[in-house]
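[1] Sequence plus predicted model, see below.
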Amino acid sequence: GESVGLHLPTLSVQEGDNSIINCAYSNSASDYFIWYKQESGKGPQFIIDIRSNMDKRQGQRVTVLLNKTVKHLSLQIAATQPGDSAVYFCAENPPGGGYNKLIFGAGTRLAVHP
Amino acid sequence: EAQVTQNPRYLITVTGKKLTVTCSQNMNHEYMSWYRQDPGLGLRQIYYSMNVEVTDKGDVPEGYKVSRKEKRNFPLILESPSPNQTSLYFCASSRRGDTQYFGPGTRLTVL
């Protein structure tokens, strides 16, 4: 697969544990945030999003938390499974450019061990 | 099946030889974008388009061109590729106000 994960911070967890992946975003005026999952050899895949008028949003096994005070975003994965192993990216939508303008973080690799 | 397709998936070329990477979506999305992905840098937006004949620069547009003559297609053109454009390229599309869906990627190597 493509070597997109070189030099990335890595979070190693045991199967069944909960995972928390953190992200600091850059623009305090950003009003829309997304988490993407990228498996080796594939394009990024949407996981969950949140708008700036919320501080928490839950999906299936995933929760996103937004702390606008410190410009911090986190992704929590419950009962982590081997299929969750991937690189995770946060993205922010800054003002201007509509929803099509996204700025991505560098990514975090999640490694799930049996 | 709803999808974003890119062609070619892999391309090796030489400096200065013009190339085009095609992107097509079958979801009738207004918005389309091109990104490049490099190790340790995440995804950086090259160009985006909010509708037919409406395009704008992203964060790293130098050395690239795009066109949006039809809603479904958004080709990326490298008029004179250079080795620093060796990268993994992704096309994405979305409805207005919705999240972006990414294609499978094109690995480009410029010698």
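    Great, that's in hand. Here the structure is a predicted model, which means the values were calculated and not measured. Numbers count the residues shown, from 1 in each chain, chains lettered A, B, ... in the order given.
[2] I'd assumed A:Lys56 was in contact with A:Thr63.
    Yes. Using C-beta atoms under 8 Å, A:Thr63 is in contact with A:Lys56, at 6.7 Å. The C-beta positions use only the backbone N, C-alpha and C, and glycine is treated the same way.
[3] Point out where the chain drops to low pLDDT.
    You didn't say which chain, so I picked chain A. The model of chain A has pLDDT under 70 over residues A:1-7, A:97-99.
[4] nope, chain B please
    B:97.
[5] Now the residue nearest the centre of chain B: closest residue in space that isn't a chain neighbour?
    Using C-alpha atoms, centre = their mean, the residue of chain B that lies closest to the mean C-alpha position is B:Trp34, 3.2 Å off. Spatial nearest neighbour of B:Trp34, chain neighbours left out: B:Ile46 (4.3 Å); criterion: C-beta to C-beta, 6 or more residues apart in numbering or on different chains.
[6] That neighbour contacts B:Asp38, doesn't it?
    No. Taking contacts as C-beta under 8 Å, B:Ile46 lies outside contact range of B:Asp38: 11.9 Å.
[7] of these two, who's got more company?
    B:Ile46 (24 against 16; other C-beta atoms under 10 Å in any protein chain shown).
[8] which strands and helices sit next to the host helix or strand of that one?
    Element membership for B:Ile46, per DSSP states H and E: strand B:42-51. Where contact means 3 or more C-beta pairs under 8 Å, 6 or more residues apart in numbering or on different chains; DSSP states H and E, strand B:42-51 is packed against strand A:86-93, strand A:103-104, strand B:31-38, strand B:54-57, strand B:65-66.
[9] Count the neighbours of whichever residue of chain B sits closest to chain A for me.
    Chain A sits closest to B:Phe102 of chain B, with a gap of 3.4 Å, by C-beta to the nearest C-beta. Per other C-beta under 10 Å, the neighbour tally for B:Phe102 reads 22.
[10] so what's it closest to, chain neighbours aside?
    In this structure, B:Phe102 finds its nearest non-sequential neighbour in A:Gly43, 3.4 Å apart by C-beta to C-beta, 6+ apart.
[11] Surely that neighbour touches B:Thr106?
    No. Taking contacts as C-beta under 8 Å, A:Gly43 lies outside contact range of B:Thr106: 10.2 Å.
[12] between those two, what contacts are shared?
    Counting by C-beta atoms under 8 Å, 6 or more residues apart in numbering or on different chains, the common neighbours of A:Gly43 and B:Thr106 are B:Phe90.
[13] Might you enumerate the residues of chain B proximal to chain A?
    When proximity is defined by C-beta under 8 Å from any C-beta of the partner chain, chain B lies next to chain A at B:4, B:31-33, B:35, B:37, B:39-45, B:48-50, B:56, B:58-59, B:88, B:90, B:92, B:94, B:96-105, B:107.
[14] Enumerate every residue touching the closest residue to B:Lys57 other than its chain neighbours.
    Excluding the flanking residues, the one nearest B:Lys57 by C-beta to C-beta, 6+ apart is B:Tyr47, at 6.1 Å. Counting by C-beta under 8 Å, 6+ apart, B:Tyr47 touches B:33-34, B:55-58, B:61, B:64, B:66, B:76.
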